[in-house]
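A.B. asks: Fold the following.
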Amino acid sequence: MSYTIDRLFEGAAFDAIETRTREALAANGFGVLTEIDVAATMKKKIDVDMPGYKILGACNPKLAYQAIGHEPKVGAMLPCNVILRAVDGGIEVSAVDPQASMAGIDNDQAEGRGGPGQGDAGDGGRRDLTPPGRAERARRGKGVSKRLETRVRTRV
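C.D. replies: As a prediction, this is how the structure comes out:
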């Protein structure tokens with residue numbers, strides 16, 4: 001399983017794609033909390049030149065709040081990083097694949113496999129505490145992460 005969702009914009013200017021990416025994130029309720037200009041940082045810290053490379057730390061507060069409510073340690077995976085980088089022929093935009101990112105979480109509710117309003121089968125949220133295997137979790141999909149993936153794929 002790949003850990004990023006990627007899209008190449010052939011012949012595009014870095015600034016134009018950054019603007020477009022920020023607009024797509026905002027249109028889907030995501031704000032940019034952090035921004036790291038990796039190319040500028042590398043030049044400043046170790047005096048090397050590299051092609052344009054920027055990391056945007058994006059967060060949808062509603063999705064983040066929901067995920068943290070179900071699994072408090074999920075904050076270690078936030079915000080969701082989106083990378084813009086200059087490559088031969090254009091600009092590549094890559095976002096962390098939320099399904100791959102959340103594959104290690106053994107919390108049914110954080111993964112969208114149950115809980116109020118998510119088809120809890122009438123058991124009031126009580127389930128067998130034996131966590132399914134990693135492959136099974138990845139195959140089933142994740143509630144919060146699946147919604148994020150759909151928004152990233154359709155807008156950027």
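A.B. asks: which intervals of the protein have sub-threshold pLDDT?
C.D. replies: 1, 107-156 (pLDDT under 70).
A.B. asks: redo that, cut-off 90
C.D. replies: Applying pLDDT under 90 to the chain flags the ranges 1-3, 76-77, 96-156.
A.B. asks: That one: helices as residue ranges?
C.D. replies: Ranges of helices in the chain, per DSSP state H, are 14-27, 38-46, 61-70, 98-102, 134-140, 143-155.
A.B. asks: Quick one: residues contacting residue 84.
C.D. replies: Contacts of residue 84 were listed using C-beta atoms under 8 Å, 6 or more residues apart in numbering, and they are 14, 17-18, 21, 52-54, 56, 91-93. Glycine gets a C-beta too; all of them are placed from N, C-alpha and C.
A.B. asks: Columns neighbour count and distance to residue 63 on top of the residues you listed, output as TSV?
C.D. replies: Below are the contacts of residue 84 laid out as TSV (neighbours: other C-beta atoms under 10 Å; distance: C-beta to C-beta, whole Å):
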residue	neighbour count	distance to residue 63
14	18	28
17	23	24
18	18	22
21	25	18
52	18	28
53	19	26
54	19	23
56	23	16
91	24	26
92	20	24
93	24	20
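A.B. asks: if I read this right, residue 86 contacts residue 54, doesn't it?
C.D. replies: No: between residue 86 and residue 54 there is no contact under C-beta atoms under 8 Å: 9.6 Å.
A.B. asks: Could you count how many residues lie near residue 12?
C.D. replies: Summarising burial for residue 12: neighbours were counted as other C-beta atoms under 10 Å, giving 16.
A.B. asks: I figured it hits residue 92, correct?
C.D. replies: No: look at residue 12 against residue 92 with C-beta under 8 Å: they stay out of range, at 9.9 Å.
A.B. asks: tell me which residues in stretch 59-70 are buried?
C.D. replies: For stretch 59-70, a neighbour-count test (16 or more other C-beta atoms under 10 Å) marks 59-60, 63-64, 66-67, 70 as buried.
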